[in-house]
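1. Here's a sequence, model it:
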Amino acid sequence: MIPEIDVRSCIARKSYAGELEFSFEAEDGLLDIPFVSFSSPVTARLRYEIFEDDAVEVKGSISFSLKGACSRCLAETEEAFTHEAEALFLPAEPLGEEYGYSGGVVRLKEFLRDTVAFALPARLLCDNCKEE
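-> Numbers count the residues shown, from 1 in each chain. Predicted coordinates:
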C-alpha cells in the first residue's frame with residue numbers, strides 16, 4: 001500500500017518534514033521489454049517538506065529488480081535499479097511538471113508510477129552482452 005501525506009494533520013502537529021519508507025508492487029503494464037518482469041517490489045525511501053505556501057516537496061529514491069530474458073541473447077538475467085526522485089505537490093491543480101493535491105492530502109501513487117516508468121531501462125542485458 002502506498003501511504004499518503006496528510007498535510008493538514010502535519011501542520012496541526014507543527015511537523016513540517018518527515019520520512020517515508022515503504023514497498024509496493026509496480027504495475028506490469030509499465031514494462032515495455034519483452035520477456036521481462038519485476039522480480040521484487042519497488043522500495044521507496046522518501047523525505048518530504050511542507051513549505052509556508054502549503055506546497056510539499058518530496059525527494060528520495062526508489063529501487064527495484066527486473067528479471068527475464070536478455071534483450072540481445074535471450075539468456076536469463078536479473079538486474080537491480082535505483083533511481084532518484086523529486087516532485088513538488090501544489091495545493092491546487094497540477095501545472096506542467098508539478099503535481100497537485102486536494103483535500104489536504106498528498107497522494108503519491110501517480111508520482112511513484114511516473115518515477116518507476118522513468119527508471120526503467122530501454123532493454124535488459126546480461127553481463128556478457130553488457131561487455132560487448
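
2. mind listing the strands for the chain?
-> For the chain, applying DSSP state E gives strands covering 4-6, 17-24, 36-38, 42-50, 56-69, 76-90, 99-100, 105-107.

3. The fourth one - contacts with which helices or strands?
-> Using 3 or more C-beta pairs under 8 Å, 6 or more residues apart in numbering; DSSP states H and E as the contact criterion, the neighbours of strand 42-50 among helices and strands are helix 7-12, strand 17-24, strand 56-69, helix 109-119. For every residue, glycine as well, the C-beta is placed using N, CA and C.

4. Need the residue closest to the centroid of this protein.
-> Against the mean C-alpha coordinate of the chain, by C-alpha atoms, centre = their mean, the closest residue is residue 112 at 3.2 Å.

5. ok, back up a step: of the helices and strands packed on strand 42-50, which approaches residue 128 most closely?
-> Ranking the helices and strands packed on strand 42-50 by their distance to residue 128 (criterion: C-beta to C-beta) puts strand 56-69 first, at 13.2 Å.

6. packing partners for that closest one?
-> strand 36-38, strand 42-50, strand 76-90, helix 109-119.

7. and the first one, what's its mean pLDDT?
-> Same thing as strand 36-38. Averaging pLDDT along strand 36-38 yields 95.

8. Pull out the buried positions in it.
-> 36, 38 (16 or more other C-beta atoms under 10 Å).

9. pull the helix or strand with minimum mean pLDDT from this protein.
-> Least confident helix or strand of the chain, by mean pLDDT, DSSP states H and E, is helix 127-131 with a mean of 89.

10. among the helices and strands packed on strand 56-69, which is nearest residue 22?
-> Comparing the helices and strands packed on strand 56-69 by C-beta to C-beta, strand 42-50 comes nearest, at 5.8 Å.

11. Using CSV, write down the CA coordinates of the closest one.
-> In CSV, the C-alpha atoms belonging to strand 42-50 read as follows (Å, rounded to 0.1, in the frame of the first residue of the first chain):
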residue,chain,number,x,y,z
VAL,A,42,9.6,-1.3,-5.5
THR,A,43,11.1,0.1,-2.3
ALA,A,44,10.7,3.8,-1.8
ARG,A,45,12.7,5.9,0.6
LEU,A,46,11.3,9.4,0.6
ARG,A,47,11.6,12.7,2.5
TYR,A,48,9.0,15.4,2.4
GLU,A,49,8.9,19.0,3.5
ILE,A,50,5.9,21.3,3.7
